[in-house]
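A.B. asks: Attaching a predicted model along with its sequence, questions to come.
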Amino acid sequence: MTLFELLSNGTALAVLGAALAALLPCMGSAKGVSMVGEASTGMLTDDPSKFGGALLMQALPGTQGIYGLVTAFLVFFKIGLFGDLAALPTETGLFFLFACLPIAFVGYFSAVKQARVAVAGINLITKRPGEVAKAMTSAALVETYAIFALLISLLAILFAAV
């Protein structure tokens, strides 16, 4: 079986979409959480009492990975991967693949961009410990776009005709 034949199978295309939906946001979240963790560690060496605020800031870019996993599991359930898996037409597989792309790409990029804002927030908290809420709000605003992408992906998957 050639690579083209394998990828033109609708079920394989749907699983590819689910894999991208999980893979890319999880990669972005891992990168983002590590970026904020590095900045937090520097702050905590000077003042360990700021751990609570630092932990909240570090957790923010991790949510995109969760969104990607939710999307992937929804695809798996929708196509019957955990039960009665049936062969999907190529068109249906392509539909699932394209439905997963919003959260796949926006999830990755928003996690990394949110981490950059969160790192700036860590710098703010370092100098002004009482500004945790402002730092969190700034970082959380970036997540709005990951939520929009999640909604688009989930709605497309939920209403897909299988």
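C.D. replies: Now that the structure is in, tell me what you want to look at.

A.B. asks: contacts and neighbour counts: CA atoms only from here.
C.D. replies: OK.

A.B. asks: Count the residues that sit near residue 130.
C.D. replies: 13 (other CA atoms under 10 Å).

A.B. asks: right, I mislabeled it, should have said residue 151
C.D. replies: When neighbours are counted by other CA under 10 Å, residue 151 comes out with 16.

A.B. asks: where exactly do the helices run in this protein?
C.D. replies: 3-7, 10-46, 51-59, 63-79, 90-127, 132-158 (DSSP state H).

A.B. asks: Among those helices, which one carries the weakest average confidence?
C.D. replies: Among those, helix 3-7 carries the lowest mean pLDDT, a mean of 58.

A.B. asks: what about residue 149, how many neighbours?
C.D. replies: Neighbours of residue 149 (other CA under 10 Å): 22.

A.B. asks: show me the contacts for it.
C.D. replies: 102-103, 106-107 (CA atoms under 8 Å, 6 or more residues apart in numbering).

A.B. asks: which among those residues gets closest to residue 83?
C.D. replies: Nearest to residue 83 among the contacts of residue 149, counting by CA to CA, is residue 103 at 24.9 Å.

A.B. asks: In contact with residue 138: list those residues for me.
C.D. replies: 117-118, 121.

A.B. asks: nope, residue 13 is what I was after
C.D. replies: Counting by CA under 8 Å, 6+ apart, residue 13 has contacts 7, 90, 93-94, 96-97.

A.B. asks: 6 Å - rerun?
C.D. replies: 93-94, 97 (CA atoms under 6 Å, 6 or more residues apart in numbering).
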